[in-house]
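Asker: kindly generate the corresponding structure for this input.
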Amino acid sequence: DSPGIKEEVLRKDDRFLTLLKDVYVESRDPPVQVKDGGGEHLPSKQEEKRLTKLGHLEALDVKKVSKGKISLVEALTLLNNHKLQPQIWTAEKIAAEYSLELKEVNSLLEFFIPFTVQEFPKETKKAITSHKPKQLT
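Answerer: Take a look at the predicted model:
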């Protein structure tokens with residue numbers, strides 16, 4: 001706030017300007033060092049893959065999955081097969097067919113159920129369409 005300090009700050013000092021012109025700064029990046037993580041991010045062995053069993057739905061999903069896993073289309077297919085033919089598509093057969101653990105297959109069959117599509121008879125449709133809507137007054 002003092003005018004004397006303000007003048008001192010704004011005043012150019014020729015001695016400092018000449019010293020500043022003599023300053024030369026040279027910057028160099030340090031050499032890049034490669035960190036050796038000991039391969040902790042790389043898998044220790046190559047993961048085993050299996051071809052998917054999709055049949056006519058092959059274009060809809062991935063071609064290869066890791067052993068012990070299934071693709072989404074495979075999951076829906078095996079759930080539907082089990083729903084339609086539970087005596088043929090047992091948990092044991094599904095586990096063997098898709099390289100899964102039996103306890104995981106049992107959990108899958110217990111907690112995931114595919115939707116059922118139902119069509120209403122034509123009589124019901126006629127009854128709905130023949131009903132005249134009420135007019136608002």
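
Asker: report the buried residues of the biggest helix by length in the chain.
Answerer: Identified as the longest helix of the chain according to DSSP state H is helix 72-84. Buried residues in helix 72-84, counting neighbours by 16 or more other C-beta atoms under 10 Å, are found at Val73, Glu74, Ala75, Leu76, Thr77, Leu78, Leu79, Asn81, His82. From N, CA and C alone the C-beta is placed, and that goes for glycine too.

Asker: which strand or helix spans the residue nearest to the fourth one when sequence neighbours are not counted?
Answerer: Take Leu76 and drop its neighbours on the chain: the residue closest to it by C-beta to C-beta, 6 or more residues apart in numbering is Pro114, 6.3 Å away. Element membership for Pro114 (DSSP states H and E) is empty, with no helix or strand holding it.

Asker: who's in contact with Pro114?
Answerer: Leu76, Leu79, Asn80, Lys83 (C-beta atoms under 8 Å, 6 or more residues apart in numbering).

Asker: from Glu101, how far off is the closest residue to the last one other than its chain neighbours?
Answerer: Once its chain neighbours are removed from consideration, Lys83 has its nearest residue in Pro114; the separation is 5.9 Å (C-beta to C-beta, 6+ apart). According to C-beta to C-beta, to the nearest Å, Pro114 and Glu101 sit 21 Å apart.
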